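Q: below are the sequence and a predicted model; questions follow.
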Amino acid sequence: MENVITDNVLEQQEIKKESSIDFKMVTFSLAGKDYGVDIMKVKEISKAGKFTFVPNSAPYVRGVYNLRGDIISVIDLRIFFNQPAKQSGENDLESMIIVRLEDHVIGIIVDEIDKVVGISSESVQPPHPLFGDINIKYISGIAESNSRLYVILDVDAIFGTKSEEVVPKETLKSESLQDDAPSIESVPQAVSAAIPDPKDRSDRELGFIKETLVTFKQFYSSAINDNWIKSRYSQWFEERYNKDQSIQLTGIDDAENYLSSFYSPYTNMLWSEDYINQIAQFIPKVSSGNFNIWNPGCGKGYETYSIISMMKKFRPELNLKVHGSDKDLISVASAPGLLFNKNSVPDFYDEFMVESNSGLQFLSSIKDLIMFEFRDLENLEVFSRLDMVIIRDVLSFLKEDLQEKVLQVILENLKDDGILILGKNEILPDLNGWEDISENGISAYRKR
């Protein structure tokens, strides 16, 4: 029998492939070949030129560079590896990767910086004499990604044994920074030219941050959240710069810290009465009949219980039904039995809850109005007509094409004048079919 691989199998293989990514590298080109360095060694990337010359230094030393007040050595990696290096004009800017080693920070010039590539460390092969144009001791491994072969360089091996040869501290002190040699103070024009264009640098750094947010938190940059990402980057840069920390995200903790201000109020907890009053102003003005609400990404059910309590308080005459869905099967399965500590529940919910030996829980009459269901947004079914969709912070954790698909399904299944509420830092980039009615920090839209 012919072995047929279904789309589902291919999809599962792709998911498995993505989940196995545990090594990130910044990739670049030298003499037409692809290289990479461990992103954990990269402090930032930049464009720079007119470096301050250091007399009596090795040919591959381009000089020193003022990195926001710190004087760092700059190495032309092409010359270091005896590769061809095009002659740059006086005002040309070079592509530079700034690496942080144990004792110092060094700028390395390459032909062109490409992007961040994520791979499984298990796929990295040992170096081979085939790559004879670079000493094998400087190569930590070889890896393939998207049909491109990358030579992974060991920056510790390259610069660790040559730190004194690169730009000796004595040279910096006795030659480059004395009155009779070029110095930062004596060549202000060179210094100002050596500082890279802030916009160019920030665009590249922000691009890397977007890619690592996908890797560490499956957070996808798009027009829905791009305004927030850029605003957050400005804060992030200042925070990290003041602490002399790398601008780039080096792990899950950094990614969580970066996203800490993204989430909407009362995430994973019952909404406060004040917040309920803010959301309630967007309830569609329906006089009677069935009223259906969809709450994707309901998690353990805190948000869904908040929604139904709001509706019972403000529109008890309606025939209510709330569909709470999530791809976390355990959370959805446990939501109907959710228990609360009495001290953690706002007084607003008193009339909707009952006390048991184990704690407070919602009345059966409230639970009967909710349908908790396991649902993956990648496999959407056609819903019954909806009056309201509350999908806070969920779209940003979907790939961009899936974001568009989900929004289209919502638009098609909302009744006229139906309401869509997104996360506080999410917006609808395309208002075709929508009216923006956002107010008081609530991102809300009405179907036209």
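A: Now that the structure is in, tell me what you want to look at.
Q: please enumerate the helices of the stretch 151-300 of the chain.
A: All helices of the stretch 151-300 of the chain, identified by DSSP state H, counting those that start in this stretch, fall at 155-160, 163-166, 169-171, 188-194, 198-217, 226-242, 252-258, 273-280.
Q: looking at those helices, which is closest to Ser264?
A: Between Ser264 and the helices of the stretch 151-300 of the chain, the tightest spacing by C-beta to C-beta is seen for helix 273-280, at 9.2 Å. Any C-beta I mention is one placed from the backbone N, CA and C, and that applies to glycine too.
Q: helices or strands next to that closest one in the packing?
A: Judged by 3 or more C-beta pairs under 8 Å, 6 or more residues apart in numbering; DSSP states H and E, helix 273-280 is in contact with helix 302-314.
Q: and the helix it packs on, how far from the chain's centre?
A: Remark: helix 302-314 is offset 31 Å from the chain centroid, using C-alpha atoms, centre = their mean, to the nearest Å.
Q: partner strands of the helix or strand just after it, parallel or antiparallel?
A: As assigned by DSSP states H and E, the chain's next helix or strand after helix 302-314 is strand 319-326. Counting by DSSP bridges, the strands paired with strand 319-326 are strand 290-296 (parallel), strand 370-374 (parallel).
Q: related to what we said a few turns ago, let me have the helices of the stretch 151-300 of the chain in a markdown table, adding mean neighbour count and mean pLDDT as columns.
A: Listed next are these as a markdown table, based on neighbours: other C-beta atoms under 10 Å; pLDDT from 0 to 100:
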| stretch | mean neighbour count | mean pLDDT |
| --- | --- | --- |
| helix 155-160 | 18 | 82 |
| helix 163-166 | 14 | 42 |
| helix 169-171 | 13 | 40 |
| helix 188-194 | 15 | 36 |
| helix 198-217 | 18 | 78 |
| helix 226-242 | 15 | 89 |
| helix 252-258 | 16 | 92 |
| helix 273-280 | 16 | 97 |
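Q: can I get the ones you listed in TSV including distance to Ser306?
A: Below are the helices of the stretch 151-300 of the chain laid out as TSV (distance: least, C-beta to C-beta, whole Å):
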stretch	distance to Ser306
helix 155-160	50
helix 163-166	58
helix 169-171	61
helix 188-194	55
helix 198-217	24
helix 226-242	23
helix 252-258	24
helix 273-280	7
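Q: out of those helices, which is closest to Gly299?
A: Closest among these, using C-beta to C-beta: helix 198-217, at 15.7 Å.
Q: which outside residues touch the closest one?
A: With contact meaning C-beta atoms under 8 Å, 6 or more residues apart in numbering, helix 198-217 is reached by 21, 24, 26, 39, 44-47, 93, 113, 115-116, 118, 219-221, 229-230, 233, 236-237, 247-249, 251-252, 254-256, 258-259, 397.
Q: also stretch 272-283?
A: 265-266, 271, 306, 309-311, 313-315, 346-348, 388, 390, 419, 421, 437, 439-442, 444.
Q: what about 6 Å?
A: For stretch 272-283, contacts defined as C-beta atoms under 6 Å, 6 or more residues apart in numbering pick out 265-266, 310, 314, 346, 348, 419, 440, 442, 444.
Q: okay, whichever strand or helix holds Ser73 in PDB with CA atoms only?
A: Using DSSP H and E, Ser73 maps to strand 70-76. Provided in PDB are the C-alpha atoms of strand 70-76 (Å, rounded to 0.1, in the frame of the first residue of the first chain):
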ATOM      1  CA  ASP A  70      31.500  52.500  26.600                       C
ATOM      2  CA  ILE A  71      34.600  52.200  24.400                       C
ATOM      3  CA  ILE A  72      34.600  48.700  22.700                       C
ATOM      4  CA  SER A  73      37.000  47.000  20.200                       C
ATOM      5  CA  VAL A  74      35.700  46.600  16.600                       C
ATOM      6  CA  ILE A  75      36.900  43.600  14.600                       C
ATOM      7  CA  ASP A  76      36.400  43.000  10.900                       C
END
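Q: distance from the chain centre to that strand, please.
A: 29 Å.
Q: now the next helix or strand after that strand: mean pLDDT?
A: The C-terminal neighbour of strand 70-76 among helices and strands, as given by DSSP H and E, is helix 77-80. For helix 77-80, mean pLDDT is 88.
Q: next helix or strand past helix 77-80?
A: strand 94-100.
Q: spit out the contact partners of Ile293.
A: By C-beta under 6 Å, 6+ apart, the contact set of Ile293 is 322, 388.
Q: excluding chain neighbours, what is closest to Glu373?
A: Take Glu373 and drop its neighbours on the chain: the residue closest to it by C-beta to C-beta, 6 or more residues apart in numbering is Ser325, 5.1 Å away.
Q: also Ser95?
A: Ile113 (4.8 Å).
Q: so the one you found bridges to which residues?
A: The partner residues for Ile113, given DSSP bridges, come to Phe28.
Q: what's the neighbour count on it?
A: By the criterion of other C-beta atoms under 10 Å, Ile113 has 17 neighbours.
Q: who touches it in this structure?
A: Taking C-beta under 6 Å, 6+ apart as the criterion, Ile113 is in contact with 28, 45, 95.
Q: okay, the first one and Val124: tell me how far apart.
A: Counting by C-beta to C-beta, to the nearest Å, the gap from Phe28 to Val124 is 17 Å.
Q: one step back: of the contacts of stretch 272-283, just the buried ones, ChimeraX syntax please.
A: In ChimeraX, this line selects whichever of the contacts of stretch 272-283 come out buried by 16 or more other C-beta atoms under 10 Å:
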select :310,346,348,419,442,444
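Q: same list (the contacts of stretch 272-283) but as JSON lines, adding pLDDT and distance to Ser140.
A: Formatted as JSON lines, these follow (pLDDT from 0 to 100; distance: C-beta to C-beta, whole Å):
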{"residue": "Pro265", "pLDDT": "96", "distance to Ser140": "46"}
{"residue": "Tyr266", "pLDDT": "96", "distance to Ser140": "46"}
{"residue": "Met310", "pLDDT": "98", "distance to Ser140": "56"}
{"residue": "Phe314", "pLDDT": "96", "distance to Ser140": "62"}
{"residue": "Pro346", "pLDDT": "95", "distance to Ser140": "55"}
{"residue": "Phe348", "pLDDT": "97", "distance to Ser140": "58"}
{"residue": "Ile419", "pLDDT": "97", "distance to Ser140": "54"}
{"residue": "Asn440", "pLDDT": "92", "distance to Ser140": "53"}
{"residue": "Ile442", "pLDDT": "97", "distance to Ser140": "50"}
{"residue": "Ala444", "pLDDT": "98", "distance to Ser140": "51"}
